[in-house]
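Undergrad: have a look at this prediction, sequence included:
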Amino acid sequence: MNIILITACPSGMATTFLAAKRLEQAAQRQGWVAHVEMHGEVAPLQAATAEQIANADLIVVAADHVPAPERFEGKRLFQAPIASALPDPSDFLAQAKREAPIYSAPKPPVRQPPLARRTVKK
């Protein structure tokens, strides 16, 4: 299974690197091929390429939000806070594999034309 692991921590880089390492090791133990993308304060480190995303079976995001989610349209995507990945990375990945829905970007609301006013004849 090809997966992309994305980690980001709102309080700093240490947890981002720790979670990335632990998740990558857990993926390798399961025989999965993993690309790790870490997000810091400035820019992502080792951002996934369009080809890697196209070949991915699963996108796993250990962060409070999904960075640039439009990249993953039509892919199975699992997102949870980074703190939930740290205690048991193998269990976190198993949960991601079981529960990841196919991502579909939210559609903007359809604007309805205003209703025409009706005049009442007296």
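TA: Now that the structure is in, tell me what you want to look at.
Undergrad: when you work out contacts or count neighbours from here on, use the C-alpha atoms and nothing else.
TA: Will do.
Undergrad: and the longest helix for the protein?
TA: Ranked by residue count under DSSP state H, the longest helix found in the chain is helix 13-29.
Undergrad: hang on, residue 2 packs against residue 30?
TA: No. In this structure residue 2 lies outside contact range of residue 30 using CA atoms under 8 Å: 11.2 Å.
Undergrad: that older thread, hmm, who's touching the longest helix of the chain?
TA: Residues outside helix 13-29 that contact it (CA atoms under 8 Å, 6 or more residues apart in numbering) are 5-9, 33-41, 62, 82, 85-86, 89-90, 93.
Undergrad: out of residue 2 and residue 30, which sits in the more crowded spot?
TA: Neighbours of residue 2 and residue 30, each counted by other CA atoms under 10 Å, are more numerous for residue 2; the result is 17 against 12.
Undergrad: quick one: residues contacting the closest residue to residue 64 other than its chain neighbours.
TA: Nearest non-adjacent residue to residue 64, counting by CA to CA, 6 or more residues apart in numbering: residue 81, 5.0 Å away. Contacts were defined as CA under 8 Å, 6+ apart; by that measure residue 81 touches 62, 63, 64.
Undergrad: what's the pLDDT at residue 81?
TA: With respect to pLDDT, residue 81 has a value of 94.
Undergrad: same check, this time on residue 57
TA: According to the predicted model, the pLDDT of residue 57 comes to 97.
Undergrad: where does pLDDT dip in this protein?
TA: Along the chain, segments meeting pLDDT under 70 span 12, 41-43, 116-122.
Undergrad: residue boundaries of the helices in it?
TA: So, for the chain - with DSSP H - the helices run 13-29, 50-55, 89-99.
Undergrad: which residue is nearest the centroid of this structure?
TA: Most central in the chain under CA atoms, centre = their mean is residue 61, positioned 3.9 Å from the mean C-alpha point.
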